[in-house]
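1. Just a sequence and a predicted model for now, questions to come.
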Amino acid sequence: MINKDGMTASRRAFLKKASSLSLAGVAAPWALNLAALAEASAAGASDYKALVCVFLYGGNDYANTVVPYDLTSHAAYQSLRPSFAHSRESLQATALNPVAAPLDSAGFAHQYALAPNLARLMPLFDAGKLGVILNAGTLIQPTSKLQYTNKSVRVPPKLFSHNDQQSVWQSSSPEGATSGWGGRMGDLFQAANANATFTCVNVSGNAVYLSGNSAVQYQVSANGSVPLSGLKNPLFGSSAASNALRTLITQPRTHMLENEYNIVSKRSIEANEVLSAALASTPALATAFPASNNLGDQLRLVARMIAAAPALGTKRQVFFVSMGGFDNHDGMLTDHPALMTRLGDALSAFYAATVELNVAEQVTAFTASDFGRTLTGNANGSDHGWGSMHFVMGGAVQGQRFYGTAPVVAHNGPDDVGQGRLLPTTSVEQVAATLGKWLGVTDSELLSLLPNLSNYNSTVRNLGFV
């Protein structure tokens, strides 16, 4: 027979797992997928900081985003994808002028340009508010091409698989992981927030990145919180019916599962009321966000929530936004430039909004994606790759710089494991550790929440971009 303490421990373990698994139910209302049923004993914070992950679903093509521009590299790049490479002439206006030229593993300097449709990001780079992370990707430990070829070191499972590499990027584990490193950072800061519900906020649905061991992402739409339909408007046209429904789904119950469900429902309703009131009382943003741009809509809501942070009582927040369409096996001439336009316009507007709110130094945004793509083209597109280029943006960013090692642009070159798939020289763990350190996570906590970080020498864990 199980004793009382054993029953309590089992109950807590069950509820903790249930709260994680509940996120997988796409039919459940967003308003019920709330923050944790228990708060972590967390790090304190007296100031405000927010981390914003911008995930590009499908595997963004790195070479048509941050484009090789020096004469030798561009010639090689153009020869490997002749039908959709950006001409060097078209890149003149977006050629980057960094503080120092990035070097490859042999010590040779490289030049890069942004895709022409990312021109809105040029002023941010030149002003030192945008940096570029070179050849970053999922790794378990530092890996050379020889080690990869000889299979003498561990590499992430199921490379080149969308679902698995999305999960490894976000959680350090393949598909099926129950927590991500953004959520695990959220675990540490819940107690620093007056309302733990708003620690981890997802504006684009559901992602393992924001699920913690105790923190669970609070999901909103680009318009704000999503109320229960029966309470948003009078149920069957009757306020009395709505009140009866509210009582029914929030009152204490004797059955354990019913009671916990009602606790979550009650928190959902209260969170909706708190967030709606906070957003309504926050002055409208003067910054113009791009029209017909879903990523811009998501980032506008993030900016509004950041503006409402004092009313919400939040000191640390982790946000997740995303856009899809990056699995460009074809359409690189038409589809990818349009994606770059939406990305650049949305990021530029978001940074302007943080300046307007006087919080640019306190907000750091970064891009991520399943993987990069092959440098070798397949007529009209590129295939699944590995390492990729990413942006980090914010007032605290040490911008106008490149971070990491520049890959050599060459077929079967020293950084190519096949078809121009880059073997990453910078790991997601290093990117995450750098961001976590800025957010206020200690070195020992980083080693705990990033399982592969200990495989890297302590001198290279922090990339120094923020």
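-> Now that the structure is in, tell me what you want to look at. On a predicted model such as this, the values are computed, not experimentally measured, just so you know. Numbers count the residues shown, from 1 in each chain.
2. Quick one: the helices in the protein, in order.
-> Ranges of helices in the chain, per DSSP state H, are 4-21, 71-80, 122-126, 145-150, 162-171, 181-189, 229-232, 239-250, 256-280, 294-307, 309-312, 335-356, 428-439, 443-449.
3. between the longest one and helix 239-250, how big is the angle?
-> So the one you mean is helix 256-280. 120 degrees (axes from the mean of the first three to the mean of the last three C-alpha atoms, to 10 degrees).
4. who does helix 256-280 touch, helix- and strand-wise?
-> Applying 3 or more C-beta pairs under 8 Å, 6 or more residues apart in numbering; DSSP states H and E, one finds that helix 256-280 contacts helix 4-21, helix 239-250, helix 294-307, helix 309-312. In short, each C-beta sits where N, CA and C put it, glycine included.
5. again, 6 Å this time
-> With contacts defined as 3 or more C-beta pairs under 6 Å, 6 or more residues apart in numbering; DSSP states H and E, helix 256-280 has these neighbours: helix 239-250.
6. what about the stretch 201-350 of the chain, any weak spots by pLDDT?
-> Per-residue confidence for the stretch 201-350 of the chain (pLDDT under 70) gives these ranges: 228-231, 242.
7. Comparing the helices of the chain, which comes out most buried?
-> helix 181-189 (a mean of 29; mean count of other C-beta atoms under 10 Å).
8. Between the helices of the chain, which one is closest to residue 410.
-> With distances scored as C-beta to C-beta, the stretch of the helices of the chain nearest to residue 410 is helix 71-80 (5.7 Å).
9. one step back: adding distance to residue 105, write the helices of the chain out as TSV.
-> Shown next, in TSV, are these (distance: least, C-beta to C-beta, whole Å):
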stretch	distance to residue 105
helix 4-21	41
helix 71-80	14
helix 122-126	24
helix 145-150	10
helix 162-171	23
helix 181-189	27
helix 229-232	57
helix 239-250	59
helix 256-280	48
helix 294-307	34
helix 309-312	43
helix 335-356	28
helix 428-439	16
helix 443-449	26
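10. Nearest approach to residue 49 belongs to which of these?
-> helix 428-439 (5.6 Å).
11. Direction-wise, compare that closest one with helix 162-171 and give the angle.
-> Using the same axes, to 10 degrees: helix 428-439 against helix 162-171 is 40 degrees.
12. ok so, going back, compare the helices of the chain and report which one is nearest to residue 221.
-> helix 294-307 (7.7 Å).
13. Could you pull up the residues touching residue 208?
-> 167, 170-171, 177, 180 (C-beta atoms under 6 Å, 6 or more residues apart in numbering).
14. what does residue 145 give?
-> So residue 145 contacts residue 423 (C-beta under 6 Å, 6+ apart).
15. From here on, call the first residue 6.
-> Shifting the count to begin at 6 puts that one at residue 150.
16. that older thread, and the helices of the chain: which comes nearest residue 460?
-> helix 433-444 (8.0 Å).
17. Residues touching that closest one, excluding its own?
-> In contact with helix 433-444 (C-beta under 6 Å, 6+ apart) are residues 54, 56, 141, 143, 174, 186, 190, 451, 455, 457-458, 466-468, 471.
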